[in-house]
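Asker: Got a sequence here, can you build the structure:
(one chain, ligands or ions: 1)
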Amino acid sequence: MSALLPTREVEKPWGKDVLPAPFSAPEGRRIGEIWFEPPEQVSELLVKYIFTSEALSVQVHPSDAQTMAKGLGRQGKEECWLILDAQPGAKLGMGFREHVSPETMRAAALDGSIEQMLHWHDVAPGDFFYIPANTVHAIGAGISLIEVQQNSDITYRLYDYGRPRELHLDEGVAVSKGEPYPVERYHAHVPARGSMTLADGPLFLLDQVAGAPSGDVASRYAGPLLVIPREGEVRIAGEAIAPGNCGLAARLSDVDFADNIACLLARACAVPE
Ligand SMILES: O=P(O)(O)OC[C@H]1O[C@](O)(CO)[C@@H](O)[C@@H]1O
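Answerer: All right, here's what the predicted structure looks like:
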């Protein structure tokens, strides 16, 4: 079986007609996301590339506990973003500048002023942010990023810049934290080549490695893992996986890390039943 995960191109109103190499958008289609279909062995994680020409909705995702309480099963969505490219002035909105009540949040979502109430951060390639469930957020225009997230498609849209898509105000306000996002806790700068732990549980692990992983990193990656090459081809059980793809390895020892490669490694953590 091939290590290469199948991809899915997702059209979005905020996507791009022309994608950066090695990707390409089919003629006349505005692609916002490239998904790598989660394999059975790492079914808890979804990896995406996201490309924006306009801002995404102002949105929020629920936690596992919240979706389980609603009888939806484990459908929480925490996510994290590694910025690959950002036009000058490109921004991410994360959390609020000041505390807001649910009533104020709802009214601001309805009249659009919620956009200005968010705390917007300028971003550049190498910026990394972890977004816990319940954080109100929005990805701005002019950004390419890699997203690693829990494998859930529950997004509650609070505001969509007047685009004719459904909003989810009741569900969204109910799970939103009306507070600032602790950016110093959840932000890191990731050098293009270099090894660094980006997410260390409790839901998933994410590491960047340049060349072979250290013994410490290797010891944390027992079992199946996802490999996302950033620079150079990575071989999984002899099969070359190039940047722009995502591969599944049954075990770390199946991955051949040449000295000149940089890639992301991801695996899900065991969660209590
Ligand atoms: O509802 P929108 O604006 O299309 O945004 C949904 C997208 O936003 C994200 O949650 C990123 O914030 C993606 O995982 C998701 O596909």
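Asker: Quick one: list the elements packing against the top strand by length along the chain.
Answerer: Secondary structure assigned by DSSP state E gives strand 7-16 as the longest strand of the chain. With contacts taken as 3 or more C-beta pairs under 8 Å, 6 or more residues apart in numbering; DSSP states H and E, strand 7-16 sits against strand 31-36. Placement of C-beta: from N, CA and C, glycine included.
Asker: For the strand it packs on, which helices and strands make contact with it?
Answerer: The contact analysis (3+ C-beta pairs under 8 Å, 6+ apart) places strand 31-36 against strand 7-16, strand 45-51.
Asker: nearest to residue 159, of those?
Answerer: Distance to residue 159, taken as C-beta to C-beta, is lowest for strand 7-16 among the helices and strands packed on strand 31-36, at 13.1 Å.
Asker: which outside residues touch that closest one?
Answerer: 25-26, 29-37, 51-56, 141, 163, 165, 245 (C-beta atoms under 8 Å, 6 or more residues apart in numbering).
Asker: rewinding a little: same list, the helices and strands packed on strand 31-36, but as a markdown table with mean pLDDT please.
Answerer: A markdown table is the format used below for those (pLDDT from 0 to 100):
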| stretch | mean pLDDT |
| --- | --- |
| strand 7-16 | 98 |
| strand 45-51 | 98 |
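Asker: and of these, who's closest to the ligand?
Answerer: strand 7-16 (5.2 Å; C-beta to the nearest ligand atom).
Asker: ok so, going back, buried stuff in the longest strand of the chain?
Answerer: 7, 9, 12, 14, 15, 16 (16 or more other C-beta atoms under 10 Å).
Asker: which bits of this protein sit near the ligand?
Answerer: Applying C-beta under 6 Å from any ligand atom, one finds that the chain approaches the ligand through 12, 33, 56, 57, 59, 79, 137, 139, 147, 149, 155, 157.
Asker: Separate out the buried members of those.
Answerer: Buried members of those, counted by 16+ other C-beta under 10 Å: 12, 33, 56, 57, 59, 79, 137, 139, 147, 149, 155, 157.
Asker: is it true that the second one touches residue 52?
Answerer: This points to residue 33. No. Judged on C-beta atoms under 8 Å, residue 33 makes no contact with residue 52 at a distance of 9.8 Å.
Asker: still on that earlier bit, can you pick out the most distant pair from the buried residues of strand 7-16?
Answerer: 7 and 14 (19.3 Å).
Asker: where exactly do the helices run in the chain?
Answerer: Using DSSP state H, the helices found in the chain span residues 64-69, 102-111, 114-117, 169-175, 183-186, 215-220.
Asker: And for the fourth one, what's in contact with it?
Answerer: Helix 169-175 is contacted from outside by 59-63, 66, 102, 105-106, 109-110, 133-134, 156-158, using C-beta under 8 Å, 6+ apart.
Asker: These: which two are farthest apart?
Answerer: Farthest-apart pair in these is 63 and 110; separation 24.7 Å (C-beta to C-beta).
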